[in-house]
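1. Here is a sequence with its predicted model. Questions after.
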Amino acid sequence: MLYESPRFFDQGEAALTVEFGDAVDPAINARVLALDSALRAASPPGVRETTPTYRSLLVHYEPLEISRAELIARIGGLLSPLPDPASHEETGAARWIVPCCYDPQLAEDIAEAAALLDLSTDALAQLHAGADYRAYMYGFAPGWCYLGGLPAPLTIPRRLAPRGPTPQGAVLIGGGLSLVATNPMPTGWYVVGRTPERLFSLGREPPFLVAPGDILRFEPIDAHSFATLEARAGRGETIARREDAA
C-alpha cells in the first residue's frame, strides 16, 4: 500500500528513513527513486549519502550541519513535485537483456525448485526467462540485485536453512522475487540459473551495471555459450545488451 504521505523514522542519530509504503510495488519504488534523484540534485548541506530500498529511502546526514527537523522540511519541499505514483516509468530507465544459463550443471537448484513447484525444469526456465523484471534495489551483499516481476507460478518460500555459498552470477528465486548474486554467499534462495555478466564490478564506472528502476529480461543460453561469454566478461567486456526504455 502506498501511504498518503511518507513516514519518517530515525535510524540512530545520523540517519533518517523516509518510508513511502509497505509493499514491493513499482509505484512505491518509483517514489523512492524520484526522491533519491531529487535529493541528490538539490544536495542539501549535511546530507552525506542516500540508499534506496523497495519502499523507503535511507538518508545519512551530519547532525552538526543539518538538524533532523530541517532535513525533513527540505525533503518535504521536494515531495510535491515528484511524479504521480500512478505512472511509475522513470526518466532515463533502461531495458537490459541479460544472458542466463538454466542448464542444471550451472543452475544448481533448478531441479529441486522445479519439483517443489510441480514443474519441469524446462517449464521453470521458460517461465523465468519469459518475464520482465524491475530492478528494485541492491542489498545484502555488494552488488546483489533484487528483482520484482517473478511470475506467480514461480513463487516459492525461501529455505528454512541457508544453502552453501552461491556461485558468482547466480540467478535465484525465493519469496516471490528473483535476484542476481555477484559473489559467493550462503543464502536461503534457490539457484535456478547463472549469468556470465558482472552486474557489479569495482573496475567499472559506475560499478553497478543495472540501475534501480531499470527493466531486466533474461535470455536463455546453453552451457557452451555461457563458457564463451564468461571468458569475455572476465576480460571486462559488457555482454548484456542495453536498450533505452520507450
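-> Alright, I've got the coordinates.

2. What residues of stretch 122-138 count as buried?
-> Judged by neighbour count (16 or more other Cβ atoms under 10 Å), stretch 122-138 contains these buried residues: 124-125, 127-129, 131, 133-138. In short, each C-beta sits where N, CA and C put it, glycine included.

3. for stretch 140-159, same thing?
-> Residues of stretch 140-159 classed as buried: 143-150, 154, 156, 158 (neighbour count, 16+ other Cβ under 10 Å).

4. The residue nearest the centre of the chain sits in which helix or strand?
-> Centroid-nearest residue in the chain, with Cα atoms, centre = their mean: residue 146, separated by 3.0 Å. Assigned by DSSP states H and E, residue 146 falls within strand 145-148.

5. about what we covered before: and of the buried residues of stretch 122-138, the nearest to residue 12?
-> residue 137 (20.4 Å; Cβ to Cβ).

6. Please name the strands paired to the helix or strand that contains the closest one in the sheet, noting orientation.
-> Taking DSSP H and E as the criterion, residue 137 maps to strand 133-138. Here strand 133-138 is paired, per DSSP bridges, with strand 145-148 (antiparallel), strand 215-221 (antiparallel).

7. Contacts for the last one, please.
-> Surrounding strand 215-221, the residues in contact under the criterion Cβ atoms under 8 Å, 6 or more residues apart in numbering are 93-102, 125, 128-129, 131-135, 145, 147, 171, 193, 195, 210, 229, 245.

8. how many neighbours does residue 62 have?
-> Residues within reach of residue 62, counting by other Cβ atoms under 10 Å, total 11.

9. contacting residues around it?
-> Contacts for residue 62 (Cβ under 8 Å, 6+ apart) come out as 14, 46, 48.

10. Mark which of those residues are buried, thanks.
-> The neighbour-count criterion (16+ other Cβ under 10 Å) marks residue 46 among the contacts of residue 62 as buried.

11. Out of the contacts of residue 62, which is nearest to residue 78?
-> Among these, and counting by Cβ to Cβ, the member closest to residue 78 is residue 46, at 15.0 Å.

12. Could I get the contacting residues of the closest one?
-> Residues in contact with residue 46, defined by Cβ under 8 Å, 6+ apart, are 61-66, 71.

13. Mind giving me the PyMOL select for those residues, buried ones only?
-> Listed next is the PyMOL selection for buried residues among the contacts of residue 46, using 16+ other Cβ under 10 Å:
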select buried, resi 61+66+71
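
14. For the next helix or strand after the strand holding residue 146, which outside residues touch it?
-> Scanning forward in sequence from strand 145-148 by DSSP H and E, the next helix or strand is strand 170-174. Outside strand 170-174, the residues that touch it by Cβ under 8 Å, 6+ apart are 100, 107-108, 113, 128, 150, 154, 156-159, 166, 178-181, 187-195, 218.

15. Provide a ChimeraX selection command restricted to the buried entries of those.
-> Listed next is the ChimeraX selection for buried residues among these, using 16+ other Cβ under 10 Å:
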select :100,107,108,113,128,150,154,156,158,166,178,179,180,181,187,189,190,191,192,193,194,195,218
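
16. Would you map the helices across the protein?
-> Assigned by DSSP state H, the chain shows helices spanning 26-42, 68-79, 110-117, 121-129, 223-234.

17. List the buried residues of the longest one.
-> Right, helix 26-42. 26-37, 39.

18. To residue 57, which of the helices of the chain lies closest?
-> Among the helices of the chain, helix 26-42 comes nearest to residue 57, with 5.1 Å by Cβ to Cβ.

19. Please state the offset of that closest one from the chain centre?
-> A distance of 15 Å separates the centroid of the chain from that of helix 26-42, by Cα atoms, centre = their mean, to the nearest Å.
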